[in-house]
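In: attaching a predicted model along with its sequence, questions to come.
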Amino acid sequence: DSGVTQTPKHLITATGQRVTLRCSPRSGDLSVYWYQQSLDQGLQFLIQYYNGEERAKGNILERFSAQQFPDLHSELNLSSLELGDSALYFCASSVGVSQETQYFGPGTRLLVL
Amino acid sequence: QKEVEQDPGPLSVPEGAIVSLNCTYSNSAFQYFMWYRQYSRKGPELLMYTYSSGNKEDGRFTAQVDKSSKYISLFIRDSQPSDSATYLCAMKGQAGTALIFGKGTTLSVSS
């Protein structure tokens, strides 16, 4: 158990809908990262927050957004969902801002029908 | 050319074998190198972390980095069925740059 928690574990929704994924980092970690994992693309970095501020952006679509709250938990919002958004979404956390050692949560499996 | 290349396998070995997993990369700015293990339907778990070139050993696992060849390896000695998983290499450059993952190699160890 990495100490990172994610909810929900599974999510099934329809195209065009909006969903929110939630992540709680390990105790003491200030950085939260979001990743998307699909069979063809592998694990892709989406976005990083450090102590409430956005620090780095990867291949995140404009339909996706994230935020980190004062208690350091983070939410990833996915809107106008498409079939191709079906994937595993992972949250990871680290102590500092520099991303070297990241600890991953169990993931949320999203299926868009 | 992708930044990080990793043979997807699958790689099948008998219990007790020595396993070699490899990644190549193209970005000479990468300085931090990691190996993650991911069991089916679970999140990646950090196995090994190496800065710059050299070897690092932890129990049955040895990580090697050869920056001159842009090549990293993970060796697993005395492999066990519990080592059956997907192994992801990951690497990054200076602070503030993103962690780039390989697509993973699926390993199966049979008893």
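Out: Yes, it's here. Numbering: from 1, shown residues only, chains lettered A, B, ... in the order given.

In: quick check: phi and psi at the closest residue to A:L72 other than its chain neighbours.
Out: Leaving aside its chain neighbours, A:L72 sits nearest to A:P25 (5.6 Å; criterion: Cβ to Cβ, 6 or more residues apart in numbering or on different chains). (Each C-beta comes from the backbone N, C-alpha and C, glycine too.) Dihedral angles of A:P25 (phi, psi; degrees, to the nearest 10) stand at phi -70, psi 170.

In: so how many other residues sit close to B:E57?
Out: Using other Cβ atoms under 10 Å in any protein chain shown, B:E57 has 12 neighbouring residues.

In: returning to that earlier point: for the residue nearest to A:L72, which residues are in contact?
Out: Each residue near A:P25 by Cβ atoms under 8 Å, 6 or more residues apart in numbering or on different chains is listed here: A:3-4, A:31-32, A:72-74, A:91, A:93.

In: okay, now B:P8: neighbour count?
Out: When neighbours are counted by other Cβ under 10 Å, B:P8 registers 12.

In: now the residue nearest to the spatial centre of chain A. Nearest residue, chain neighbours left out?
Out: Computing the C-alpha centroid of chain A and ranking residues by Cα atoms, centre = their mean puts A:W34 first, at 3.1 Å. Spatially, and ignoring its direct neighbours in sequence, A:W34 is nearest to A:L46 (4.3 Å; Cβ to Cβ, 6+ apart).

In: surely that neighbour meets A:E54?
Out: No. Between A:L46 and A:E54 there is no contact under Cβ atoms under 8 Å: 11.3 Å.

In: list residues touching both of the two?
Out: Common neighbours of A:L46 and A:E54 are listed as A:A66 (criterion: Cβ under 8 Å, 6+ apart).

In: count the residues that sit near residue 91.
Out: Answering for chain A, as no chain was given. Neighbours of A:C91 using other Cβ under 10 Å come to 30.

In: my bad, chain B
Out: Counted by other Cβ under 10 Å, the residues lying close to B:M91 total 24.

In: that one belongs to a strand?
Out: Yes. According to DSSP: H, G, I helix; E, B strand; the rest coil, B:M91 belongs to a strand.

In: and the gap between the residue nearest to the centre of chain A and B:Q6?
Out: According to Cβ to Cβ, to the nearest Å, A:W34 and B:Q6 sit 22 Å apart.
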